[in-house]
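*Asks:* with the sequence up front, the predicted model follows.
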Amino acid sequence: MPTLDVPLSTVMTRDVVTVLSTATVEQAVRAMLEQNVLGLAVEDAAGSVVGVFSMTDALWATSTSERSESDDSFYDAAALLRIVREPKTLEAKELPVSRFMNQRVVSLGPDATVAEAARTMAERRIHRVLVLDEKKKLLGVVAALDVCRHVTS
């Protein structure tokens, strides 16, 4: 059975899909669909991580309902495709992701353990933790699925 005391640097995905904070919702959704990911790190022009934009954020961006902090995450690939294709979402599609992203970046360092990442995701009810260096530059991402893969390998 794999140990949970291994550093995140051994299980993280290093090739992280990112978008600029000025990217539109449509551009971010297309990037998620093309890269087959559920969320993107959002960077400013200097390359610093300023947020995370997820499928859930994309759906809320085009929803007529009000979003509350207690709402659970959800995603639906068909709904994402509608975001890109339907004219009624045109206004939201053209808005910047910075308007809808989660600005609370949850991160750990590369020496944090898989156990710490799993605990953090469970406590914060999130699906991914960014791995940042001491200068807050993005090194990678650990998703809940990465933890599952590690545990079952």
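*Replies:* Done, it's in.

*Asks:* ok, the closest residue to residue 114 other than its chain neighbours - contacts?
*Replies:* Spatial nearest neighbour of residue 114, chain neighbours left out: residue 4 (4.7 Å); criterion: C-beta to C-beta, 6 or more residues apart in numbering. Using the backbone N, CA and C atoms, a C-beta is placed for each residue, glycine as well. Residue 4 sits next to 113, 114, 115, 118, 150, 151 when contact means C-beta atoms under 8 Å, 6 or more residues apart in numbering.

*Asks:* and these, which of them are in helices?
*Replies:* Judged by DSSP state H, these include 114, 115, 118, 150, 151 as members of helices.

*Asks:* narrow these to those that are buried.
*Replies:* 114, 118, 150 (16 or more other C-beta atoms under 10 Å).

*Asks:* quick one, helices of this structure?
*Replies:* Here the chain has its helices, by DSSP H, at 25-35, 55-61, 77-85, 90-93, 114-124, 144-152.

*Asks:* with pLDDT and distance to residue 62 added, can I get the buried ones among the ones in helices among the contacts of residue 4 in JSON lines?
*Replies:* As requested, those are exported to JSON lines (pLDDT from 0 to 100; distance: C-beta to C-beta, whole Å):
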{"residue": "114", "pLDDT": "96", "distance to residue 62": "35"}
{"residue": "118", "pLDDT": "96", "distance to residue 62": "32"}
{"residue": "150", "pLDDT": "92", "distance to residue 62": "34"}
